[in-house]
Each structure stands twice: as C-alpha cells, then as structure tokens.
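S.K.: Structure, please.
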Amino acid sequence: MTNFRSENEMSLKFSNYIIQKSQTDLIKIFKEVKGLVGIPDYLIYYNNKMIVSIELKIKNWKKGLEQAFKYRTFSNMSYVIIADDWLYLAKSNLRLFEKYNIGLASFDNCSNFKVFFHPKYDNPFSTFYLELLNKKLLSNESSMQKFLVYETYGFHPYHSTRSENQVRALSVHGQTSCIS
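M.R.: The predicted structure follows:
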C-alpha cells in the first residue's frame, strides 16, 4: 500500500524518483509553474518542443482529471498520477481518461510507477498560453526548480502507439517491495 499522508509527501517522493531516472538534458522537469491555467504539479519540457503536464493526486481522480484537462490549454499531453492504493477508482473510469485524452498512471511509496493510459500527442488548446509558457520556461529557467528525467520515462509521444504489454514493460520501474 502507498500510505502517502499528503500530496506534498507524494510529490517529494516523485521528485526523488525523477532525479534517480534522469539521464539526458533533452528533457527538463519544472515543478509547480504558476501564472497559467492552474498550477500543474510538474511540467515536462521535451527538447524545447513538447510539453507534458502532470497532476499528482492521492485519491481524487475526478479533480485530477479536471485539472489535467485544463492543462491541455498549454500542453501537448497531460497525465494524472494517482497514489497506487486509490488507483482502482480511477481505473474503473478509464473510459473518461480515454475520452478526454488524459493519461493515467499510478505511483506508490516504493517508487513503483505504472502507466495505464498514454494520451495521444496533440496541439495545446491555446497558442496564447503555449507562447506564454514557452517564454516563462525559457526566460526564467535558471530561477525555476528544474529536474532532468530520462527520455523513455513513459511520457514520450511515441510510446502512445505501443501495446498494453509493451507499455507495461516500459513503465514499471522501481522495486517490487520496499521499506517505508
């Protein structure tokens, strides 16, 4: 079981996971970028071209889906990452994630990460907010908290065409058990 006490605790663990997986400077991770439509927990900026938003939730998948959909205003792809012990609620509504083209993944206290739905790459809803975000990320990059993450992390658009078994094989990282 996950047993995260808060989204902040989940975010700290997720940050550590990202740092452990970082192997390229083609991908930049920004935490809680403000001044847009909402504040995504993480933005993945791939090769200065593609933007993926991430919303972490302990159990409120509906709120996460709503927020992730808003982030599509400036993102090419958006994901909701649910704590593993509440994932069953989101998975039972997987058709909504598919309908709105929002990715669904789980993360637990042992740093196990699994993707259940990869969204299709698409243009952001608003070029205005995309340009605003690009200016914000490029001009303030040095003053923002930044992490690097490796290219096959599971958010790359080319993964969205893979079979469920291939996605599972790519997306399951970490240990099978851990000490909390």
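S.K.: hey, let's count contacts and neighbours off CA atoms from now on
M.R.: Fine.
S.K.: need the contact list for the nearest residue to residue 78 once chain neighbours are set aside.
M.R.: Nearest residue to residue 78, sequence neighbours excluded (CA to CA, 6 or more residues apart in numbering): residue 53, at 4.6 Å. Contacts for residue 53 were tallied using CA atoms under 8 Å, 6 or more residues apart in numbering; they are 40-44, 68, 71-72, 75, 77-79.
S.K.: shaky segments in this structure?
M.R.: 1-2, 22-25, 139-180 (pLDDT under 70).
S.K.: Strands of that one, residue ranges please.
M.R.: In the chain, the segments counted as strands under DSSP state E are 27-31, 42-46, 50-57, 77-83, 103-107, 113-117, 146-148.
S.K.: Sheet partners, orientation included, of the second one?
M.R.: Sheet partners assigned to strand 42-46 using DSSP bridges are listed as strand 27-31 (antiparallel), strand 50-57 (antiparallel).
S.K.: Give me the distance from the last one to the chain's centre.
M.R.: What separates the centre of strand 50-57 from the centre of its chain is 4 Å, taken as CA atoms, centre = their mean, to the nearest Å.
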